[in-house]
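Undergrad: how would this look folded up:
(2 chains)
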Amino acid sequence: MKPVLVVGGGIAGIQASLDLADRGIRVHLVEKSPSIGGVMAQLDKTFPTMDCSICILAPKMIECFRHPNITIHTQSELVSLEGTVGDFSVKVLQHPRSVDAQKCTGCGLCSERCPVKRPSVFQACLGQRKAIYLAFPQAVPLIATIDRDACLWFTQGICRTCETVCSANAVEYEQKENTIELNVSSIILATGFEQYNPKDIGEYGYGHYRNVLTALEFERLVCASGPTGGVLTRPSDGKVAHNIAFIQCVGSRTQTTGYPYCSASCCMYATKEAVLIKEHEPSSHVTIHYMDLRIFGKGFQEFVDRAQSNWGVRYVRGRPGEITEDPASKDLTIHYEDTEVGKVEKNTVELVILCTAAVPNSDNNKLGGILGVKLDEYGFFSTKDPISSPVETSRQGIYVCGSCHGPRDIPESVAEASATAAKAAEDEARLEVKG
Amino acid sequence: MTSTPRIGVFVCRCGINIGAYVDVPKVVEYAKTLANVVNAEENMYTCSSDGLNKIKEAIKKNDLNRVVVASCTPRTHEPLFQETCEEAGVNKYLFEMANIRDQCSWVHMREPEKATKKAKDLVRMAVAKAALLAPGDEPEIDVNPSSLVIGGGVSGMQAALSLADQGFNVTLVEKAPELGGMLRTLDTLFPSNIKASKVLEPLLQEIKANPRIRVITNSKVKTVNGFIGNFDIGVEGDGKQERFNVGTIIVAVGADLLKPDGLYLYGQDARVRTQAQFEELVKMSKMDAKRIVMIQCVGARNEDRPYCSRICCNEALKNVLNAASPGREIFILYRDLQTYGVHYSRLEQDAKRKGVKFLKYQPDKPPQVTAEEDGLRIEFYSPTFNEKVELNADLLVLSTPLVPVMDAKELSQLLKVSLNSNGFFMEAHIKLRPIDFATDGIYICGTAHSPKDIGESVTQALAAASRAAIPMARRKVRAAAIISEVDQKKCSGCGTCIEVCPYNAIRKNDKGLAEVVAAVCKGCGICGATCPEKAITMHHFTDEEIEAQGLAALKET
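TA: Sure thing, here's the model as predicted:
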């Protein structure tokens, strides 16, 4: 049996890999960042059960790492594809880590001593990491990596502190990029999504008002392993925020700035984040400014009902027109029409969370070109037919799961991942019959 | 029981993670003083290949028969250390871990002395337990590589086809005279608005042509016995009975549409129809109404049925788009429009372009419908206009939710799987195991799980085919060693354990006494804690082991 290639190591790619590997099919899992885990690793809790996200994800990440049938290629990307289903030739470019993966134990001493600080992408840039760093404490593989654009040795030819302190002798400045060639029977795309950058929506002041955050930034702020240890200190003055508002559909469901589609999970994650605020401090005031409550999934309406009745989360219908900032206090006033009563109102709060659209990855075009698969008008991967072939792309033998073909939540991504594993296994079975 | 315990203790520095806060050499010296400990040493990184080799060497050199590692979390590292023990000839269940990082050094960074004392406590507890550990084995169970799919709608058909295409034999049982389920009642399918027959016909033909799929229609599953790999199934119908054996089961029994009897004059006035009836009218070109009003969430998102049925808004939009024509006015009275994702957002925009009017109503002020001779009058409070709105209509269409099938409960009892509070089948974990049941070897897909559209049902069906294929492709599953065991001499046959077991892993034997099915037991320990006769031993967490650990915790260093 030939191996299967899985592109993207978020929850969808992880699940697809595990399903295949567990049944005895070898998998190459290609991930562009230094660790698998994806966006789910950044989340604090998950709705509607309020499970700790990394706690339920980490065992699956470890399982991937330890699985004899899975080879993980991090900091790697697909650069070419030839062939057809059953016999694809793929080239994968591996960027140098500058650390020997076999020797590094992930102890973190190098990061501690490294003098260079950079914003941590894992902490949604609310916190910092070093030039040599572990992506996050539960990273898989738990191996340090050097950011060559930040490292003093690579930029100025000085320092080499990490090399000196590493007792495992794992630092390898001279590592080169490396291209490997794989022969695979089918390919599963699970490259995920990006967050819409709300700075284009001037009326909400993101980027200007320091106390306007995105929901992903808030996930790190509220998380015990985040930069503030889970204390809801607002960026402008470090004051703990007790009056917080969420704005839904930022960059989604709009014909003007952003995307016309609904991002599918924001109503629920906003509800979850609202409940988290209340769990931290029950006397907090939390308002969710929404357009339609999208509560279409299993247990969703019940979760919103609990948020309202048990926790007192306030839902206000109507898309806010503008946010203004008090220059002295840096408090924010949301101007909106409450369309449930047809009145123009104001809501002054200490922190505003923007629930931004889930948008296609910026490199989908490039990847789509390499793979020869079609994208939709927004840049998500297209399926052959959303009804009868919901996980098949326009090219035979290439399948798609998770939010790289449109916004969806975790369980849908997981189910789709298993579905792509079934399709890849069907391909393998056909190959065996053919011999 | 293995011979006299000879315990080796390995204390990890984890670089600075433990070493900077806990005095590791002191912990090592302390460990050497504990009963049954014949060897104690420290490592910079116990998990590095160097550290693992040191464990193996120490086992050989000191003839160790128990190993304790004091380091990080067993969640990530226990399997690695267990494997190392096995490689050196020590059974993996004779290994014990003390978490002196997450539970000690990380939380006591500012109090190194106390951290060191606590690390000693944790090591002492682990050693006390280790002395009593018994070896365990994980017997392999054969898996019959064939599957039963219950329900012949789009989900069941798709699951059966995928399994067959993966090389497994499938028996597809449908209670109706023919396959197809709800697809047969639909005209077109959203979001791409293709004919339902375009999806149904190829599926039927492929199933017919596939030699690996056996279809039994007009029949119901009546008995299910056994466990993963080996289920005995009894099917009855058409005056016939048959029995067969499968390795896995997929539940794809679908859902029904709620009939809105007694709501908004449904059943009393012929001008009030359901969405399904409306679709039928459009399909037969018998729809001549000029003014149509639709009400969403009829019988849903209320006290009886708190859930949103997911598909009704989009079902209404599809029908509206098919029915829209110049001179025809259509109003949709809704609460929250569920046009989620990329595809359905397009549907909403299409409907708005075609002039369909969307009016919000509030559940505490629902529409009032009265029948007049010249039409229906629908009155409701519009929050958008902040006033009462009155609409006249030739036709009122009610969107009702999907509800669990009538025999869902019966089937859930037969399979010993759970339903949620709304009566839909309940998966093992809503987030990460959406397709598995808590019981191994049984899987769920389609609207039996919760309302969803055809594409989502097909996706779940394929997913179920993947999940079910895992044990079947391996031909074997490994039973756990950490399971409970009933002492037949102590058991009174009261059945308490059978009631509390969440995995249905305990049954009564022919003597009327409880017996654990090793293949099904997950080792949660609830039975052991509940048994009034103390007849149940939870292996690897026996009363003696836990007691020894607890008593050790109370000792002073």
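Undergrad: Pull the number of nearby residues for A:R160.
TA: 13 (other CB atoms under 10 Å in any protein chain shown). C-beta coordinates here come from the backbone N, C-alpha and C atoms, glycine included.
Undergrad: So it sits against A:W153, correct?
TA: Yes: A:R160 is within contact range of A:W153, at 5.5 Å (criterion: CB atoms under 8 Å).
Undergrad: Closest residue of chain B to chain A?
TA: Nearest residue of chain B to chain A: B:G15, at 2.7 Å (CB to the nearest CB).
Undergrad: Nearest residue to that residue in space, ignoring adjacent ones along the chain?
TA: The shortest distance from B:G15 to any non-neighbouring residue, by CB to CB, 6 or more residues apart in numbering or on different chains, is to A:C107 (2.7 Å).
Undergrad: which element is that neighbour on?
TA: Assigning secondary structure by DSSP states H and E places A:C107 outside every helix and strand.
Undergrad: which residues do A:R160 and A:W153 both contact?
TA: A:Y173 (CB atoms under 8 Å, 6 or more residues apart in numbering or on different chains).
Undergrad: what's the neighbour count on the residue nearest to B:L258 when sequence neighbours are not counted?
TA: Sequence neighbours aside, B:T400 is the residue nearest to B:L258 in space, at 4.1 Å (criterion: CB to CB, 6+ apart). Applying other CB under 10 Å, we find 25 residues neighbouring B:T400.
Undergrad: B:T400 touches B:C312, doesn't it?
TA: Yes: taking contacts as CB under 8 Å, B:T400 lies within contact range of B:C312: 7.1 Å.
Undergrad: Mutual contacts of these two, please.
TA: Here B:T400 and B:C312 have B:275, B:300 as joint contacts, going by CB under 8 Å, 6+ apart.
Undergrad: Pretty sure B:V251 sits against B:G153.
TA: No: applying CB under 8 Å, one finds B:V251 not in contact with B:G153, separated by 11.6 Å.
Undergrad: For chain B, what's the nearest residue on the stretch 101-250 of chain A?
TA: A:C107 (2.7 Å).
Undergrad: how about that residue, what does it touch?
TA: A:168, B:14-17, B:45.
Undergrad: sorry, back to before: make sure the residue of chain B closest to chain A is actually in contact with A:S111.
TA: No: with contact defined as CB under 8 Å, B:G15 does not count as touching A:S111 (10.8 Å).
Undergrad: Stretch A:202-209: which residues count as buried?
TA: Residues A:204-206, A:209 are the ones in stretch A:202-209 that count as buried (16 or more other CB atoms under 10 Å in any protein chain shown).
Undergrad: Low-confidence stretches in chain A?
TA: Applying pLDDT under 70 to chain A flags residues A:435.
Undergrad: Could I get the full set of helices for it?
TA: For chain A, the helices defined by DSSP state H occupy A:11-22, A:53-66, A:109-113, A:152-156, A:161-165, A:215-222, A:266-280, A:300-309, A:364-371, A:410-434.
Undergrad: which one of those is the most hemmed in?
TA: Comparing the helices of chain A by mean neighbour count (mean count of other CB atoms under 10 Å in any protein chain shown), helix A:11-22 comes out on top with a mean of 29.
Undergrad: Tell me which other helices or strands that one touches.
TA: Applying 3 or more CB pairs under 8 Å, 6 or more residues apart in numbering or on different chains; DSSP states H and E, we find helix A:11-22 packed against strand A:4-7, strand A:27-30, helix A:53-66, strand A:70-73, helix A:410-434, helix B:454-474.
Undergrad: got JSON lines for the ones you listed, with distance to A:I244 too?
TA: Below are the helices and strands packed on helix A:11-22 laid out as JSON lines (distance: least, CB to CB, whole Å):
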{"stretch": "strand A:4-7", "distance to A:I244": "37"}
{"stretch": "strand A:27-30", "distance to A:I244": "38"}
{"stretch": "helix A:53-66", "distance to A:I244": "20"}
{"stretch": "strand A:70-73", "distance to A:I244": "38"}
{"stretch": "helix A:410-434", "distance to A:I244": "24"}
{"stretch": "helix B:454-474", "distance to A:I244": "33"}
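Undergrad: between those, which gets nearest to B:G8?
TA: helix A:53-66 (23.5 Å; CB to CB).
Undergrad: pull the CA atoms of the closest one into CSV?
TA: Provided in CSV are the C-alpha atoms of helix A:53-66 (Å, rounded to 0.1, in the frame of the first residue of the first chain):
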residue,chain,number,x,y,z
SER,A,53,-9.2,22.9,24.0
ILE,A,54,-5.5,21.9,24.3
CYS,A,55,-6.3,19.3,26.9
ILE,A,56,-8.5,17.3,24.4
LEU,A,57,-6.3,18.1,21.4
ALA,A,58,-2.9,17.4,22.9
PRO,A,59,-3.4,13.6,23.3
LYS,A,60,-4.3,13.5,19.5
MET,A,61,-1.2,15.5,18.6
ILE,A,62,0.9,13.1,20.7
GLU,A,63,-0.8,10.1,19.1
CYS,A,64,0.2,11.5,15.7
PHE,A,65,3.7,11.9,16.8
ARG,A,66,4.0,8.5,18.3
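Undergrad: Now name the helix or strand holding the residue nearest to B:L258.
TA: For B:T400, there is no host helix or strand (DSSP H and E).
Undergrad: OK, contacts around it?
TA: Contacts of B:T400 by CB under 8 Å, 6+ apart are B:257-260, B:274-275, B:298-300, B:309, B:312.
Undergrad: Narrow those to just the buried residues.
TA: Buried among these (16+ other CB under 10 Å): B:257-258, B:260, B:274-275, B:298-300, B:309, B:312.
Undergrad: Let me know the closest of these to B:D137.
TA: Within these, the smallest distance to B:D137 is 48.6 Å, found for B:S309 (CB to CB).
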